[in-house]
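Trainee: this one's sequence-less:
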């Protein structure tokens, strides 16, 4: 191989991850509506702790609420458990949470801090954020016991008011051990023991859901959304094609948050080829509740499930867990969300 060819390979090897991250950030900025406002640059800088890749601001004057979205990545060498986030702009304070709150090294999270007020922040919104939590010295299965060292990290940001309401999911993908079709059902959205995390990324979705497939076997639409392949940030979900033992089963947790100005009932619809569960946390409760109580957690062809949940005012967490040992798809549609 000549020197130019070798140099090209070395360049791609060294910077391919950077290109992927730039692509993820660009897609988030484009969806959240900040790119068209080129005169107002977006920046987010962590003074310490997890790195910050995005800050977005949304306000609904007629419904009298507003919130900030902060996207973070755990750059620590240990797992961390995020307790809450506070955003400060001028003399105004916004309180909220992050989901997922339990982060292995390299994992992403989305944080929302909101208020039932809409303040005149101007075209250029500059502020600070502070996250609090505990550092962990073991895996997620023992977080409650081994997360003891408290921390607080902060950063600053510059952004503008989004022209679209932000809707994105932070996603973790794990591969199963040989011979395991799907993991056992769990009462909380955690990566199962002996399943290895292979990817972390974001899904930028429709305002109220998504529809992804790993195979042409499932095409067209699901729950009113066009079925598309899993995004490149979670491309390993497209690879579970060994349908007999020892399998190459895949598992994902997609996490998001919603700011609820008032209490309301939300319709939860899923269409799944594979096992799926939707967990939610009431604002400030720290208790996960399963929407379907395990009824959808089984190997199956595409099947629709639905239920209604009630979310009180504040920041609510939602996490969708999915697993498949063979060609699959998952779709989510949430109805009656605040505009």
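Mentor: Now that the structure is in, tell me what you want to look at. All of these numbers come straight from a predicted model, not from anything done at the bench. Residues are numbered from 1 along each chain as shown.
Trainee: This protein - how does it break down into domains?
Mentor: 19-159, 168-335 (automatic domain parsing).
Trainee: State the number of residues packed around residue 213.
Mentor: When neighbours are counted by other CB atoms under 10 Å, residue 213 registers 23. Placement of C-beta: from N, CA and C, glycine included.
Trainee: Nearest spatial neighbour of it, chain-adjacent residues omitted?
Mentor: With sequence-adjacent residues excluded and distances taken as CB to CB, 6 or more residues apart in numbering, residue 213 is closest to residue 329, at 3.9 Å.
Trainee: what's across from the one you found in the sheet?
Mentor: Taking DSSP bridges, one finds residue 213, residue 273 as the beta-bridge partners of residue 329.
Trainee: Walking through the stretch 1-150 of the chain, point out its helices one by one.
Mentor: Applying DSSP state H, counting those that start in this stretch to the stretch 1-150 of the chain gives helices spanning 3-32, 143-146.
Trainee: Would you mind listing where the stretch 51-200 of the chain has pLDDT under the threshold?
Mentor: 138-146, 166 (pLDDT under 70).
Trainee: All the strands of it, in order from the start?
Mentor: Counting by DSSP state E, counting those that start in this stretch, the stretch 51-200 of the chain has these strands, from start to end: 51-60, 65-73, 80-89, 92-99, 102-103, 108-115, 125-136, 147-159, 168-175, 196-204.
Trainee: May I see these arranged in a markdown table, with mean neighbour count as well?
Mentor: Converted to a markdown table, the strands of the stretch 51-200 of the chain look like this (neighbours: other CB atoms under 10 Å):
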| stretch | mean neighbour count |
| --- | --- |
| strand 51-60 | 21 |
| strand 65-73 | 24 |
| strand 80-89 | 20 |
| strand 92-99 | 21 |
| strand 102-103 | 26 |
| strand 108-115 | 25 |
| strand 125-136 | 19 |
| strand 147-159 | 17 |
| strand 168-175 | 23 |
| strand 196-204 | 18 |
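Trainee: For these, give me CSV that also has distance to residue 225.
Mentor: Formatted as CSV, the strands of the stretch 51-200 of the chain follow (distance: least, CB to CB, whole Å):
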stretch, distance to residue 225
strand 51-60, 22
strand 65-73, 22
strand 80-89, 30
strand 92-99, 22
strand 102-103, 28
strand 108-115, 20
strand 125-136, 31
strand 147-159, 28
strand 168-175, 14
strand 196-204, 12
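Trainee: Tell me which of those strands sits nearest to residue 269.
Mentor: Residue 269 lies closest to strand 168-175 among the strands of the stretch 51-200 of the chain, at 16.1 Å (CB to CB).
Trainee: Direction included, what does the closest one pair against?
Mentor: strand 196-204 (antiparallel), strand 250-260 (antiparallel).
Trainee: Please state the backbone phi and psi of residue 123?
Mentor: phi -70, psi -40 (degrees, to the nearest 10).
Trainee: How about residue 237?
Mentor: phi -70, psi -20.
Trainee: does it really touch residue 214, like I thought?
Mentor: Yes - with contact defined as CB atoms under 8 Å, residue 237 reaches residue 214; the gap is 5.7 Å.
Trainee: List the residues that are in contact with both of these two.
Mentor: The contact sets of residue 237 and residue 214 overlap at residue 230 (CB atoms under 8 Å, 6 or more residues apart in numbering).
Trainee: show me what contacts the closest residue to residue 337 other than its chain neighbours?
Mentor: Nearest residue to residue 337 in three dimensions, chain neighbours excluded: residue 208, at 5.5 Å (CB to CB, 6+ apart). Residues near residue 208 by CB under 8 Å, 6+ apart: 167, 333-335, 337.
Trainee: ok, now residue 320?
Mentor: 169, 252-255, 270, 276-279, 330, 332.
Trainee: mind listing what residue 75 touches?
Mentor: Residue 75 touches 49-51, 105-106, counting by CB under 8 Å, 6+ apart.
Trainee: least reliable of the helices of the stretch 1-150 of the chain going by mean pLDDT?
Mentor: Here the lowest mean pLDDT among the helices of the stretch 1-150 of the chain goes to helix 3-32, at a mean of 46.
Trainee: gap between the residue nearest to residue 287 when sequence neighbours are not counted and residue 176?
Mentor: Nearest non-adjacent residue to residue 287, counting by CB to CB, 6+ apart: residue 281, 6.6 Å away. Per CB to CB, to the nearest Å, residue 281 is found 26 Å from residue 176.
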